[in-house]
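Enquirer: I'd like to go over a predicted model; first the sequence, then the structure.
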Amino acid sequence: MKSVLIFVICLAALSAATTYFEEKFHPGWESRWVKSHNKEKEGTQGEWGWSAGKFYNDADEDKGLQTTQDARFYQISAAFPEFSNEGKDLIVQYSVKHEQNIDCGGGYIKIHPAGIDQEDYNGDSAYNIMFGPDICGSSTRKTHLILSNKGTNHLVKKEIRAETDTNTHLYTLILHPDNTYEVLIDGKEAQKGNLKEDFDILPPKEIPDPAASKPSDWVDEKMIDDPEDKKPEGWDDIPREIADPEAKKPDDWDDDLDGSWEAPQIPNPDYKGEWSARKIDNPAYKGEWIHPKIANPDYYEDDNLYRYNSNKFVGFELWQVKAGTIFDNIIVTDSKAEADALAKLTTATQAGEKAAEEKENAAKRAEEEAKQAETASKEHDDEHEGHSHDEL
């Protein structure tokens, strides 16, 4: 009886799970996606492709949405039935493959509320969530997590790493109804935390007291000039430059034609620079003044920072200097089990890519070894022929 009850509970949980959007980019995917025309007039609208890339596990199954032109904007979106994630987990997961060895460009995905114009989809289109890798040189190599709240976008304060190689990687974001979040990369924790602590969404609980100011007699200068330290006599008489003592007037110098000859100036080794008194501790120092704080009258609590009452679109809105990124296996769901099930496709892709790449590398090594062997054999034959001529 107990096992039957457990089965019923599991079945009920499974039936309650909802997958709002899933995209594997199988044939017919273009009917579900709308390409923006926002950048067409200025000639910077990038063309999307459909490819599994150079290395893959299954040539058909692994096909995804690919950026194809360098230095272009990429803007495309797809709609799904509008939903609210109130009281549920919200999971956004997809795979990214920077096959071009990306040097500068975005690889993030966005979740939008109802109301965006898909034909004019652009960087100003309101979004709820922006999530995924962003790479630009060696200074920017991170996974973005930006949450919108009351029309303002808030970037997570913690650093989240991003994968920068040319292989496929799986990015997963989970927003929990207890206002916590998780970021997984290839199924492993990359970051987690609390929305109230890791984002500046809520106003601060305390603010500097506007009625308080630093007292006029407050001394916050830690070091002062030593009043007993005096400038040595003759300090200012030492010039910064002197005539080069090793310089000689050229033999062909004519004072009547060239004027009076003067030796060129060189830095004076005895010059000590501008004099300044040595520093000592300030006996009147009171320390750094700390502005007293008071309770922020504008502070409010909000236990629904995770909640978006309108989720309606998923989109890619990117700029890439070097194109070639492939996106695949997108899912928006409240079920970790459903996300994990789709993740298995990415795991298979990763294994197939690795095997294909290793096979190509092995073939290259064998080819190089064959060339080296051929060269060595030829050198040996030439050497043998040379010895034969010597004997004759």
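Expert: Here it is on my side, so go on. Numbering: from 1, shown residues only.

Enquirer: count of residues packed around Lys359?
Expert: Under the neighbour criterion other Cβ atoms under 10 Å, Lys359 is assigned a count of 11. For glycine as for every other residue, the C-beta is placed from the backbone atoms N, C-alpha and C.

Enquirer: Tell me the secondary structure at it.
Expert: Assigned with DSSP: H, G, I helix; E, B strand; the rest coil, Lys359 falls in the helix class.

Enquirer: how close does Phe199 sit to Ser335?
Expert: According to Cβ to Cβ, to the nearest Å, Phe199 stands 25 Å off from Ser335.

Enquirer: more crowded one of the two?
Expert: The residue with more neighbours, out of Phe199 and Ser335 and counting by other Cβ under 10 Å, is Phe199; that gives 21 against 18.

Enquirer: what's the host helix or strand of Ile135 packed up against?
Expert: Taking DSSP states H and E as the definition, Ile135 sits inside strand 129-136. Here strand 129-136 is seen to pack against strand 90-98, strand 104-106, strand 109-112, strand 140-149, strand 168-175 when contacts are counted using 3 or more Cβ pairs under 8 Å, 6 or more residues apart in numbering; DSSP states H and E.

Enquirer: As a markdown table, those strands with distance to Tyr299 and mean pLDDT would be great.
Expert: Supplementary listing: these in a markdown table, determined by distance: least, Cβ to Cβ, whole Å; pLDDT from 0 to 100:
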| stretch | distance to Tyr299 | mean pLDDT |
| --- | --- | --- |
| strand 90-98 | 26 | 98 |
| strand 104-106 | 34 | 94 |
| strand 109-112 | 28 | 98 |
| strand 140-149 | 15 | 95 |
| strand 168-175 | 23 | 98 |
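
Enquirer: what ranges do the strands span in the stretch 151-300 of the chain?
Expert: Using DSSP state E, counting those that start in this stretch, the strands assigned to the stretch 151-300 of the chain run over residues 152-155, 168-175, 180-185, 188-194, 206-208, 223-225, 241-243, 265-267, 279-281, 293-295.

Enquirer: Packing partners of the fifth one?
Expert: With contacts taken as 3+ Cβ pairs under 8 Å, 6+ apart, strand 206-208 sits against strand 293-295.

Enquirer: and Ala212, which of the helices and strands packed on strand 129-136 is closest to it?
Expert: For Ala212, the closest of the helices and strands packed on strand 129-136 is strand 140-149, at 30.3 Å, according to Cβ to Cβ.

Enquirer: chain center to the closest one, what's the gap?
Expert: A distance of 8 Å separates the C-alpha centroid of strand 140-149 from that of its chain, computed with Cα atoms, centre = their mean, to the nearest Å.

Enquirer: Stretch 122-130 too?
Expert: Using Cα atoms, centre = their mean, the mean C-alpha position of stretch 122-130 is found 18 Å from that of the whole chain.

Enquirer: And it, what's buried?
Expert: Neighbour-count burial for stretch 122-130, counted by 16 or more other Cβ atoms under 10 Å, picks out Ser125, Tyr127, Asn128, Ile129, Met130.

Enquirer: Would you work out how far apart the start and end of that stretch are?
Expert: Distance across stretch 122-130, first residue to last, is 13 Å (Cα to Cα, to the nearest Å).

Enquirer: related to what we said a few turns ago, reformat the helices and strands packed on strand 129-136 as TSV; add mean neighbour count.
Expert: Listed next are those as TSV, based on neighbours: other Cβ atoms under 10 Å:
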stretch	mean neighbour count
strand 90-98	25
strand 104-106	20
strand 109-112	25
strand 140-149	19
strand 168-175	23
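
Enquirer: which stretch among those strands comes nearest Ala211?
Expert: Among the helices and strands packed on strand 129-136, if distance is taken as Cβ to Cβ, the winner is strand 140-149, at 30.1 Å.

Enquirer: Packing partners of the strand of greatest length in the chain?
Expert: As far as residue count goes, and with DSSP state E defining each element, the longest strand of the chain is strand 72-83. For strand 72-83, the helices and strands in contact under the criterion 3+ Cβ pairs under 8 Å, 6+ apart are strand 19-23, strand 33-35, strand 311-320.

Enquirer: partner strands of the second one, parallel or antiparallel?
Expert: The reference is to strand 33-35. Listed by DSSP bridges, the sheet partners of strand 33-35 and their directions read strand 72-83 (antiparallel).

Enquirer: Any idea how far the strand it pairs with is from the middle of the chain?
Expert: 22 Å.

Enquirer: And stretch 208-220, by the same measure?
Expert: Relative to the mean C-alpha coordinate of its chain, stretch 208-220 is positioned 40 Å out (Cα atoms, centre = their mean).

Enquirer: okay, which residue is most central for this structure?
Expert: When the chain is reduced to its mean C-alpha position, the nearest residue by Cα atoms, centre = their mean turns out to be Lys142, at 2.8 Å.

Enquirer: shouldn't that one be in contact with Glu159?
Expert: Yes - in this structure Lys142 lies within contact range of Glu159 using Cβ atoms under 8 Å: 6.2 Å.

Enquirer: Low-confidence regions, this structure specifically.
Expert: By pLDDT under 70, the low-scoring segments of the chain are 1-15, 380-392.

Enquirer: quick one on the thing from earlier: now the closest residue to the residue nearest to the centre of the chain other than its chain neighbours: phi and psi?
Expert: Leaving aside its sequence neighbours, Lys142 sits nearest to Ala162 (Cβ to Cβ, 6 or more residues apart in numbering; 5.3 Å). Taking degrees, to the nearest 10, you get phi -140, psi 150 for the backbone angles of Ala162.
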